[in-house]
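K.L.:
coordinates only, sequence not included:
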Ligand SMILES: NC(=O)C1=CN([C@@H]2O[C@H](COP(=O)(O)OP(=O)(O)OC[C@H]3O[C@@H](n4cnc5c(N)ncnc54)[C@H](OP(=O)(O)O)[C@@H]3O)[C@@H](O)[C@H]2O)C=CC1
Ligand SMILES: O=C(O)[C@@H]1CCC=N1
């Protein structure tokens, strides 16, 4: 049975989800994306062959509605679509910090709501999604949302109370890794490499280390120690990081992201 999917918001994450869902083999005719700007709408039609409309039109008759606008734009969006959302629809919000109860209160009673936190590696099929069901979401609806998002990567189900932490670790996390990559590339250039070579070395090192972490039973700490020969090069680097409080600063950064996510949840 065909499932009509509406994506509301055609920014970085909206386009990422569109590409991932199409990549999973969903017929383009089952999808619709909303966009106000004519130029952007034309670009989306041309690139993906997808239907582009306004929000109210997009949600009409949609089985699954993905909300992918900025958190501050969610309340007005909900007001705009509420009358056109069918009670049998599943609404998935990917907006950081927006509570399930806020969405449920703005939509017709009984609409199934799922809060999801994605990340941008979904663009290459290696995303991470933390999802939380609302009170009206059945097990079957949650499984269907999970299967849809798996088009972009892995999915874990968490209690909504953990969403600020999920946001801080995996939602914002790719930015921390790119920050590390920036530093590895800059350090490599200072040490004598050209930029392209430094980028290749850094990128493949991050891919390889991430794969090792994902596939190994060892802790991150154990894996790090296995790279670190006594009195060797890695020991010199780690000692310098520790002297400069790098790990403490990163932990503080993750906590700041969680705190900001919690702040975004406040009315
Ligand atoms: N980017 C990321 O890594 C992640 C993002 N998210 C969440 O995803 C959501 C979107 O983020 P992101 O894609 O980065 O942001 P963007 O700003 O790139 O995209 C948001 C899009 O929504 C559009 N928009 C704004 N208001 C409306 C409206 N009323 N109807 C339809 N479209 C509208 C904007 O258009 P215009 O620019 O014209 O206003 C813009 O194209 C956020 O809530 C964020 O918290 C979550 C995890 C990771
Ligand atoms: O920075 C943000 O607020 C969004 C949520 C997680 C990643 N990007």
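P.N.:
Noted; the coordinates are in hand. Treat the numbers as computed from the prediction; the structure is a model and nothing was measured. Ligands and ions are numbered 1, 2, ... in the order given.
K.L.:
tell me what the one helix or strand residue 81 maps to is packed against?
P.N.:
With secondary structure defined by DSSP states H and E, residue 81 is part of helix 74-81. Helices and strands touching helix 74-81, by 3 or more Cβ pairs under 8 Å, 6 or more residues apart in numbering; DSSP states H and E, are helix 55-59, strand 64-67, helix 100-106. Every residue, glycine included, has its C-beta placed from N, CA and C.
K.L.:
before we move on, what SS does the nearest residue to residue 63 once chain neighbours are set aside have?
P.N.:
By the measure of Cβ to Cβ, 6 or more residues apart in numbering, the closest residue to residue 63 outside its immediate chain neighbours is residue 3, 4.7 Å from it. Assigned with DSSP: H, G, I helix; E, B strand; the rest coil, residue 3 falls in the coil class.
K.L.:
Residue 3 reaches residue 64, doesn't it?
P.N.:
Yes: using Cβ atoms under 8 Å, residue 3 is in contact with residue 64, at 6.3 Å.
K.L.:
anything in the helix holding residue 81 near ligand 2?
P.N.:
No: residues of helix 74-81 are not located near ligand 2 by Cβ under 6 Å from any ligand atom, the shortest gap being 12.7 Å.
K.L.:
List the buried residues of that helix.
P.N.:
74, 77, 78, 80, 81 (16 or more other Cβ atoms under 10 Å).
K.L.:
Provide a list of residues in contact with residue 45.
P.N.:
Taking Cβ atoms under 8 Å, 6 or more residues apart in numbering, we find residue 45 in contact with 51, 52.
K.L.:
do residue 260 as well
P.N.:
residue 97.
K.L.:
hang on, it in a helix?
P.N.:
Yes: Residue 260: assigned to a helix according to three-state DSSP.
K.L.:
can you map out the strands along this protein?
P.N.:
Taking DSSP state E as the test, the strands found in the chain are 5-8, 31-34, 51-53, 64-67, 90-93, 112-117, 127-133, 153-157.
K.L.:
I'd like those written out as JSON lines, with mean pLDDT, distance to ligand 2 and mean neighbour count added.
P.N.:
Below are the strands of the chain laid out as JSON lines (pLDDT from 0 to 100; distance: least, Cβ to the nearest ligand atom, whole Å; neighbours: other Cβ atoms under 10 Å):
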{"stretch": "strand 5-8", "mean pLDDT": "98", "distance to ligand 2": "17", "mean neighbour count": "26"}
{"stretch": "strand 31-34", "mean pLDDT": "98", "distance to ligand 2": "19", "mean neighbour count": "25"}
{"stretch": "strand 51-53", "mean pLDDT": "97", "distance to ligand 2": "24", "mean neighbour count": "18"}
{"stretch": "strand 64-67", "mean pLDDT": "98", "distance to ligand 2": "13", "mean neighbour count": "26"}
{"stretch": "strand 90-93", "mean pLDDT": "98", "distance to ligand 2": "12", "mean neighbour count": "27"}
{"stretch": "strand 112-117", "mean pLDDT": "98", "distance to ligand 2": "7", "mean neighbour count": "26"}
{"stretch": "strand 127-133", "mean pLDDT": "98", "distance to ligand 2": "11", "mean neighbour count": "23"}
{"stretch": "strand 153-157", "mean pLDDT": "98", "distance to ligand 2": "14", "mean neighbour count": "16"}
